[in-house]
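K.L.:
starting from these lines, generate the structure:
(2 chains)
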Protein chains: 2
Amino acid sequence: MNVLIVYAHPEPRSLNGSLKDFSVKRLRETGHTVQVSDLYAMNWKASLDASDSLAPATGDRFDPSLASKYAFENGLQSADIAAEQAKLKWADAVILQFPLWWFSMPAIMKGWVERVYAYGFAYGVGEHSDARWGDRYGEGTLAGKRAMLVVTTGGWESHYSPRGINGPIDDVLFPIQHGILYYPGLDVLPPFLVYRTSRIDEAKYTEVRDALGERLDNLWKTTPIPFRPQNGGDYRIPELTLKEDIAPGRTGLGVHVK
Amino acid sequence: MNVLIVYAHPEPRSLNGSLKDFSVKRLRETGHTVQVSDLYAMNWKASLDASDSLAPATGDRFDPSLASKYAFENGLQSADIAAEQAKLKWADAVILQFPLWWFSMPAIMKGWVERVYAYGFAYGVGEHSDARWGDRYGEGTLAGKRAMLVVTTGGWESHYSPRGINGPIDDVLFPIQHGILYYPGLDVLPPFLVYRTSRIDEAKYTEVRDALGERLDNLWKTTPIPFRPQNGGDYRIPELTLKEDIAPGRTGLGVHVK
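P.N.:
Residues are numbered from 1 along each chain as shown, chains lettered A, B, ... in the order given. Predicted coordinates for the structure are as follows:
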C-alpha cells in the first residue's frame, strides 16, 4: 500500500526524527511504498495568502475560499500545493506526525492543512440538499483512505486523562482528528501517543518504537474511531445537530463517536 | 488602559479587517491606547526554528524548549519575538482576532504563539513542588491581564451548538482559551463570535459591529470564564487530575470551568 507521512519537527536528530525514520524503514520492510513530506526540510510555506494562486492579480478583494476554488478548478494552484494534493490522492494511508505544541499541531503543519485543503478538494465538495450537506465528515475526496496521528508531548499522560488539566487527549485532538482528518473523508485510527518526552531513555525509546512498529504493522487491520457520518441519518440537515434520539441528553465532543 | 490586538487575516478589505479597524477606533475613542500586531502585514515568520535564537550555532541538536530558554534568559531572542513579548507586558488586555480555519487559529497566528511564548516567559515559569506545578493555568507572566477572542466562522451557530457536528464552540476553542490564554495567566473573557460570515449584509454588519462595540466598552467589567486555577486546590499535584470531590463523576473539557 502507499503511505504518506506528513512530518513536522525542525530537528532531524530529535525523538520525532528518530520515530519518523523508524516508521519509513518499518513500512518499507513490510512491503509498503512511502513518501514523506518533511515540512521543515521542505521549507514549507506556512501562511496562506494570495500568492497561493497563480491567477493574475485583479485588484479585487482577496477571498481565501474563492481564490482557492478558482485556482483549484483552473489548474492555477501554486506547485507545492498541487504536489501535496497528488500525494494525498496517491496515498492509501496518511500519517501526520508532530510534537504537540500549545495543544495543537505546529504552525508549519497547520499551514500545510490550510493551503493543501483547497476549496473543491477538501471542502466545498458535493451537493447540498435536504438530505445531505456536501460530502464531508465521512465522505469526500479522501474517503476510503486511512489516517493516523503520531503525536509526542512533554506533558504526562495523567494531565491528558479524562479529568486531567489539559483536557482529555481525545478532546484536545478532536479538532484535528474530526475537523481535519474525518472532514474530507479519511477513516481515523486511534492516535499513537508518546507522553513525557523529556524522560525517554534508551529502554523507554525501545518500548515506544516497538509499540509504534506494531501500530504500523496493523495499519490496515485497526478499527477506525467510529465518528458519525454527517449524511448517515444521525444529524438534522441543515442544522447539523444530532437528532434527539441519538445519544439522548448528552453533549460534548464525545457524542460524535458512535 | 493598554490594549494589544493580535490580528490575522490576509485581506485588509475583509470582514475581519473592518472589524479590526472598528475595534481600534472604538477603543481609542473611549480613551484607551491601542497597539495592533497585524501578522500578515508584518509578514510574521510563522515557523519556529533554530534561527529564533541569536546564540551562535554550536552544532548541537536543536531542542526548541532549551534553545528558547537560553535565548530568553540571555537576551538572545530574535528581535521580532522580543518586541511581541514587550507588547504583551505593556498590555492590560489582549485581543486575538482571526477567522476560524480548520477549527483553530490561522497558522500565522499559531506561529506567533509558538515563537513569542518562550520558555521562561509563557511556560517553564515558577517553582515545582508538592503544592504547585509551576506558575501556569491562572498564574504566570501575564496574570492580572485580560484576554478575549474575536472569531469569525463560515459555519452556522447551530453547527457549533452543544450537539452540533463541529463540536460546541467552547470545546473547539478550549485549546486556545484554556491552553494558550489561561495558561500564562490571562483572565479569559467569553469570546466574541460571528457565524455564517458569507451571509453578512449591511444590516447584519451593523448589528455585529455594534455588539462588538459593546463588548469592547465592557472589557473591564465583563466576568471572565471561571477556569479552575491549577494551584488553587482543585487538582492533585503532580498528576494534575481534578480531585474526586470536584465535579464528581464528570469528565470532559467543561469540568475545568467552575
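K.L.:
show me the contacts for the residue nearest to A:Ala50 when sequence neighbours are not counted.
P.N.:
Among residues not flanking A:Ala50 along the chain, A:Phe62 sits closest, at 4.6 Å (Cβ to Cβ, 6 or more residues apart in numbering or on different chains). Glycine gets a C-beta too; all of them are placed from N, C-alpha and C. Neighbouring residues of A:Phe62 by Cβ atoms under 8 Å, 6 or more residues apart in numbering or on different chains: A:49-50, B:10-11, B:14.
K.L.:
which one of these is nearest A:Leu142?
P.N.:
For these, the minimum distance to A:Leu142 (Cβ to Cβ) is 24.6 Å, reached by A:Asp49.
K.L.:
pop out the phi and psi values for the closest residue to that closest one other than its chain neighbours.
P.N.:
Across the structure, with Cβ to Cβ, 6+ apart as the measure, the residue nearest A:Asp49 apart from its sequence neighbours is B:Pro10 (4.6 Å). For B:Pro10, the backbone dihedrals (degrees, to the nearest 10) come out as phi -70, psi -10.
K.L.:
residues contacting B:Pro10?
P.N.:
Contacts here follow Cβ under 8 Å, 6+ apart; on that basis B:Pro10 touches A:47-50, A:62, A:64, B:40.
K.L.:
again, but for A:Leu216
P.N.:
Contacts of A:Leu216 by Cβ under 8 Å, 6+ apart are A:23, A:26-27, A:30.
K.L.:
how about 6 Å then?
P.N.:
A:26-27 (Cβ atoms under 6 Å, 6 or more residues apart in numbering or on different chains).
K.L.:
part of a helix, is it?
P.N.:
Yes. Judged by DSSP: H, G, I helix; E, B strand; the rest coil, A:Leu216 forms part of a helix.
K.L.:
let me know the pLDDT of A:Ser129.
P.N.:
Reading off the confidence values, A:Ser129 has pLDDT 85.
K.L.:
burial measure for it, as a count.
P.N.:
Counted with other Cβ atoms under 10 Å in any protein chain shown, the neighbours of A:Ser129 add up to 11.
K.L.:
dihedrals phi and psi, it?
P.N.:
Dihedral pair for A:Ser129: phi -150, psi -170, per degrees, to the nearest 10.
K.L.:
against A:Asn231, how distant is it?
P.N.:
Separation of A:Ser129 from A:Asn231 (Cβ to Cβ, to the nearest Å): 10 Å.
K.L.:
got it, and A:Asp92?
P.N.:
Spatial separation of A:Asp92 from A:Asn231 under the definition Cβ to Cβ is 24 Å.
K.L.:
pick out whichever of those two has more residues nearby.
P.N.:
Set side by side, A:Asp92 and A:Asn231 show more neighbours around A:Asn231, with 18 against 15, by other Cβ under 10 Å.
K.L.:
in the sheet, who's paired with A:Val257?
P.N.:
Beta-bridge partners recorded for A:Val257 (DSSP bridges): A:Phe227.
K.L.:
could you dump the contacts of A:Phe62 to CSV with distance to A:Thr58 and secondary structure?
P.N.:
Compiled in CSV, the contacts of A:Phe62 are given as follows (distance: Cβ to Cβ, whole Å; DSSP: H, G, I helix; E, B strand; the rest coil):
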residue, distance to A:Thr58, secondary structure
A:Asp49, 15, coil
A:Ala50, 10, helix
B:Pro10, 15, coil
B:Glu11, 13, coil
B:Ser14, 16, coil
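K.L.:
circling back: of the contacts of B:Pro10 - the most surrounded one?
P.N.:
A:Ser47 (26 neighbours).
K.L.:
residues in contact with that residue?
P.N.:
Contacts were defined as Cβ under 6 Å, 6+ apart; by that measure A:Ser47 touches A:111, B:46, B:107-108.
K.L.:
kindly report the same for A:Asp52.
P.N.:
Counted by Cβ under 6 Å, 6+ apart, A:Asp52 has contacts A:78, A:115.
K.L.:
check A:Thr58 too.
P.N.:
Counting by Cβ under 6 Å, 6+ apart, A:Thr58 has no contacts.
K.L.:
gap between stretch A:1-17 and the chain center?
P.N.:
With Cα atoms, centre = their mean, to the nearest Å as the basis, stretch A:1-17 stands 14 Å off its chain's centre.
K.L.:
now stretch A:128-145
P.N.:
The chain centroid and the centroid of stretch A:128-145 are separated by 17 Å under Cα atoms, centre = their mean.
K.L.:
pull the CA atoms of it into CSV?
P.N.:
What follows is the C-alpha trace of stretch A:128-145 in CSV, where atoms were taken according to Å, rounded to 0.1, in the frame of the first residue of the first chain:
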residue,chain,number,x,y,z
HIS,A,128,-26.2,20.4,-0.7
SER,A,129,-29.8,19.3,-0.4
ASP,A,130,-32.4,18.3,2.2
ALA,A,131,-30.7,15.0,2.6
ARG,A,132,-27.0,16.0,2.5
TRP,A,133,-24.8,18.9,3.4
GLY,A,134,-22.0,18.3,1.0
ASP,A,135,-19.6,15.4,1.0
ARG,A,136,-17.8,15.9,4.3
TYR,A,137,-17.4,14.2,7.7
GLY,A,138,-17.0,10.6,6.5
GLU,A,139,-17.4,11.4,2.8
GLY,A,140,-15.3,13.4,0.3
THR,A,141,-12.2,13.4,-1.8
LEU,A,142,-10.2,11.3,0.7
ALA,A,143,-12.9,8.7,1.5
GLY,A,144,-11.7,5.1,1.7
LYS,A,145,-8.2,6.1,2.9
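K.L.:
what residues of that stretch count as buried?
P.N.:
Neighbour-count burial for stretch A:128-145, with 16 or more other Cβ atoms under 10 Å in any protein chain shown as criterion, is recorded at A:132-142, A:145.
K.L.:
and the most centrally placed residue in chain A, what is it in contact with?
P.N.:
For chain A, A:Leu181 is the residue whose C-alpha lies nearest the centre (Cα atoms, centre = their mean; 4.2 Å). Contact analysis of A:Leu181 by Cβ under 6 Å, 6+ apart lists A:147, A:188.
K.L.:
that one falls within a strand, correct?
P.N.:
No. Going by three-state DSSP, the assignment for A:Leu181 is helix, not a strand.
K.L.:
what pLDDT does it get?
P.N.:
As predicted, A:Leu181 sits at a pLDDT of 98.
K.L.:
same thing with the one 4 residues further on?
P.N.:
In the predicted model, A:Gly185 carries a pLDDT score of 98.
K.L.:
contacts only, for it.
P.N.:
Contacts here follow Cβ under 6 Å, 6+ apart; on that basis A:Gly185 touches A:139-140, A:142-143.
K.L.:
and if we set it to 8 Å?
P.N.:
Contacts were defined as Cβ under 8 Å, 6+ apart; by that measure A:Gly185 touches A:135-136, A:138-145.
K.L.:
and A:Leu242, what are its bridge partners?
P.N.:
Here A:Leu242, judged by DSSP bridges, has bridge partners A:Tyr235.
K.L.:
how many other residues sit next to it?
P.N.:
Taking other Cβ under 10 Å as the neighbour definition, A:Leu242 ends up with a count of 22.
K.L.:
likewise A:Pro190?
P.N.:
A:Pro190 is flanked by 14 other residues according to other Cβ under 10 Å.
K.L.:
any idea how far A:Asp187 is from the closest residue in space to it that isn't next to it in sequence?
P.N.:
Taking Cβ to Cβ, 6+ apart, and ignoring the residues beside it in sequence, A:Pro190 has A:Ile225 as its nearest neighbour in space, at 6.2 Å. Per Cβ to Cβ, A:Ile225 is found 8 Å from A:Asp187.
K.L.:
who's more crowded, these two?
P.N.:
A:Asp187 (21 against 18).
K.L.:
and the residue nearest to that one when sequence neighbours are not counted, how many neighbours?
P.N.:
Taking Cβ to Cβ, 6+ apart, and ignoring the residues beside it in sequence, A:Asp187 has A:Pro224 as its nearest neighbour in space, at 4.0 Å. Under the neighbour criterion other Cβ under 10 Å, A:Pro224 is assigned a count of 15.
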